[in-house]
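Peer 1: Quick one: sequence and predicted model below, then my questions.
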Amino acid sequence: MITFEKVSHEWGDFSLKNVTFNINRGEYFVILGPTAAGKTLILETIAGFYIPREGNIFLNGRDTASIPPEKRNIGFVYQDYSLFPHMSVEENIAFGLKMRKLPKKDVESKVQSIMDSMHISYLKGRFPSTLSGGERQRVALARALVINPDILLLDEPLSALDSRTQESLREELRRIHKVQGTTTIHVTHNQDEALALADRIGVIMNGEIVQVDTPYKIFNKPVSEEIAVFVGVENIVRGRVVSSEEGVALVQVGSNHIRALSNIRAGEVNVFIRPENVVLSRDKLESSARNSVIGKITDIIQFGAILRIYMDNGLSALVTKQAIEELKLDVGEKVYASFKATGVHLIKR
Amino acid sequence: MSIKVFKRQPLSLIFLLISSLIILFIILTLFNMIFQQIVLEPEGLLEAASDPAVIKSILLTLYASFLATLVAVALGTPLAYVLARHDFFGKSVVESIIDVPVIIPHSVAGIALYALFMRRSTIGGAFSNLGIIFEDSLWGIVVAMLFVNTPFYVNAAKEGFQSINPHLERVARTLGASQQKAFYRITLPLAIRHLFSGAVMAWARGISEFGAVIIIAFYPMVAPILIYYEFTTGGLAKSQPIAVLLILVCFAIFIILRTSTKYWERRK
């Protein structure tokens, strides 16, 4: 559907470097990366506002270089919503249909039906300056969707909203994608958003696509330390593979030995363990598929509804308040941190 | 604001006093003349207002400046848009060139325009073959006014275009609008107030031009030249009534234009 082939472009402080990836029809593809990594630039290049200096972009197998933005049938939603301030909600949504010279009746009925399905009919005659952030975003989405685009481009669509509105719009995006099946590219720096919505994720850093994978793989099997840090792996320690048997590597980390599901047979490695995969206990959990490492608690910090426990063995774990009470955990106490071999990801250093 | 505020912020008080001085300076200068004329010597003002030569001169000034503004709008709007939207090599040079008419003395501008547009010159000669003569004619007045009013319009229009989020045009493009349609349907309606107030500024600047006009077209006399001429031949008594009349006419027009744009804004 959309193919980036070795695309490079520079624009002021931003740049894309040798970007190559492929997005399938009907896919919900999230481009995840820190702020100013070149994410918006990718969307604007797909929309046709920039012709990349090097490389090619294909839409449905056609080279896009000579197709102007208005002929690409793309729906674009900017982070700032970009509603036309001199037009009412209804006129905003009707704009794309009018540009397509649809009969007035069709325009009216299509606008009405999308407003109904997005629950914004009550905003019909209002002007953008009188709308809340969530309302604006719904109108912007309706305006982009009413033209029945081949591709929907979303530039940080939720990041300017408060957390409750974010959640309801996230559900809305999921619902729309389920119903319409529009190929969607969603750009964000927010991991939760990416996890909740993506079929696949492309991680972008400094203008480079560094990994394209399923959400599970991105979050559990990042291909570099940089990605691991960005997607919140937290537990990153160094070790050395000492032996390997049937796809299970034995890794020496400090004075401990842990097992990891990995094809790496020897050498220095980075060991990644997500904190939510670590279980704490007072007694050692004996199991061949599990690693159990003892450690002393150095700090307990509350993050929203859960607590994060840091240990002197370099690991951290997420626990509930209840678990803390039941296990009587406190700073200075000794605990066993256990995690499955499948929850350990190794990359060569 | 109470005295207490100034006790906490003494600098604010000092700034307030200084600012009122400069505002007073402007108001006093104009008010003194207008008050003198209207209250103490109303006959002189009435006499000027009923003098066909004076009326003709004021109308000529307004008309010539209007024409110069039309040209500035027609040629300056695309330039302002390009400057607001695009970065290109030499952009700052272009921006400096636009500001040149503001900084050079206007008599110098007049000399330069005369040298370029007089019948003996190549360009002026070519125009005179088409029947357009600049020396001592309406066209001479218009080019002189155009030269000095361009920066006012272009800079105001540029600011107007810059104030519009470029994403709006881009979204319009993705929705199927060609570049022209996006400009006419989105950018232009949003910038129109800025363009209008820039045009009003340019028009006012044209009306007030003296130095450049007098060199290329002493006749037909625009109001500032007529006022100067009356001053040198008949002193304050002859020139001040025309000056006050010109000011009153201009004020009236500006107030009408200002209120109309305010009304415009409220309707949106």
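Peer 2: Sure, I can see it.
Peer 1: Figure out the helix or strand that B:Gly110 lives in.
Peer 2: For B:Gly110, the element it lies in under DSSP states H and E is helix B:106-117.
Peer 1: Check what contacts whichever helix or strand comes after that helix and list those residues.
Peer 2: Following helix B:106-117 in sequence order, the next helix or strand is helix B:122-129 (DSSP H and E). Helix B:122-129 is contacted by residues B:Leu116, B:Phe117, B:Met118, B:Arg119, B:Ile133, B:Phe134, B:Glu135, B:Trp139 when judged by Cβ atoms under 8 Å, 6 or more residues apart in numbering or on different chains. Any C-beta I mention is one placed from the backbone N, CA and C, and that applies to glycine too.
Peer 1: Residue numbers of the stretch 1-150 of chain A in contact with chain B?
Peer 2: A:44, A:47-49, A:68-70, A:72, A:74-76, A:78, A:80, A:82, A:84-86, A:95-96, A:99-100, A:143-144, A:147 (Cβ under 8 Å from any Cβ of the partner chain).
Peer 1: Filter those down to the buried ones, ChimeraX style.
Peer 2: Buried residues within the residues of the stretch 1-150 of chain A next to chain B, by 16 or more other Cβ atoms under 10 Å in any protein chain shown, are selected in ChimeraX with:
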select /A:44,47,48,49,69,70,72,74,75,76,78,82,84,85,86,95,96,99,143,144,147
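Peer 1: I'd like the list of the residues of the stretch 1-150 of chain A next to chain B that fall within helices, please.
Peer 2: Among the residues of the stretch 1-150 of chain A next to chain B, DSSP state H puts A:Glu44, A:Ala47, A:Phe95, A:Gly96, A:Met99, A:Arg143, A:Ala144 in helices.
Peer 1: Closest one of those residues to B:Ile256?
Peer 2: A:Phe95 (34.2 Å; Cβ to Cβ).
Peer 1: The residue nearest to that closest one when sequence neighbours are not counted and A:Gly75, how far apart?
Peer 2: Distances taken as Cβ to Cβ, 6 or more residues apart in numbering or on different chains put B:Leu175 closest to A:Phe95, at 5.4 Å, once the chain neighbours are dropped. As judged by Cβ to Cβ, to the nearest Å, B:Leu175 and A:Gly75 stand 8 Å apart.
Peer 1: which residues do these two both contact?
Peer 2: By Cβ under 8 Å, 6+ apart, B:Leu175 and A:Gly75 have these common neighbours: A:Arg143, A:Ala144, A:Ile147.
Peer 1: For ChimeraX, write the selection for the buried entries among the contacts of helix B:122-129.
Peer 2: In ChimeraX, a selection of the buried entries from those looks like this (16+ other Cβ under 10 Å):
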select /B:117,118,133,134,135,139
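Peer 1: And the contacts of helix B:122-129, which is closest to chain A?
Peer 2: Closest approach between the contacts of helix B:122-129 and chain A, by Cβ to the nearest Cβ: B:Trp139, at 38.0 Å.
Peer 1: CA atoms only for the longest strand along chain A, dumped as CSV, please.
Peer 2: In chain A, assigned by DSSP state E, the strand with the most residues is strand A:290-303. Only the C-alpha atoms of strand A:290-303 are listed here, as CSV (Å, rounded to 0.1, in the frame of the first residue of the first chain):
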residue,chain,number,x,y,z
ARG,A,290,12.2,-19.3,35.9
ASN,A,291,15.0,-17.2,37.0
SER,A,292,15.1,-16.2,40.6
VAL,A,293,17.6,-13.5,41.8
ILE,A,294,18.0,-12.2,45.3
GLY,A,295,18.3,-8.5,45.9
LYS,A,296,17.9,-5.8,48.6
ILE,A,297,15.2,-3.2,48.1
THR,A,298,16.8,0.3,47.7
ASP,A,299,13.7,2.4,46.9
ILE,A,300,9.9,2.3,46.5
ILE,A,301,8.3,4.9,44.4
GLN,A,302,4.6,5.3,43.6
PHE,A,303,3.5,5.6,40.0
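Peer 1: That strand pairs with which strands, parallel or anti?
Peer 2: strand A:306-311 (antiparallel), strand A:334-340 (antiparallel) (DSSP bridges).
Peer 1: Tabulate those (CSV), appending mean neighbour count and mean pLDDT.
Peer 2: What follows is those, written out as CSV (neighbours: other Cβ atoms under 10 Å in any protein chain shown; pLDDT from 0 to 100):
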stretch, mean neighbour count, mean pLDDT
strand A:306-311, 19, 90
strand A:334-340, 19, 90
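Peer 1: Any idea which of these gets closest to A:Phe21?
Peer 2: Judging the strands paired with strand A:290-303 by Cβ to Cβ, what sits closest to A:Phe21 is strand A:334-340, at 31.0 Å.
Peer 1: Within the sheet, what are the partner strands of the helix or strand following the closest one, with directions?
Peer 2: Following strand A:334-340 in sequence order, the next helix or strand is strand A:344-348 (DSSP H and E). Using DSSP bridges, the strands paired with strand A:344-348 in its sheet are strand A:267-273 (antiparallel).
Peer 1: What residues sit buried inside the helix or strand just after the strand it pairs with?
Peer 2: Per DSSP H and E, strand A:267-273 leads on to strand A:279-281 as the next helix or strand towards the C-terminus. Neighbour-count burial for strand A:279-281 flags A:Val279, A:Leu280 (criterion: 16+ other Cβ under 10 Å).
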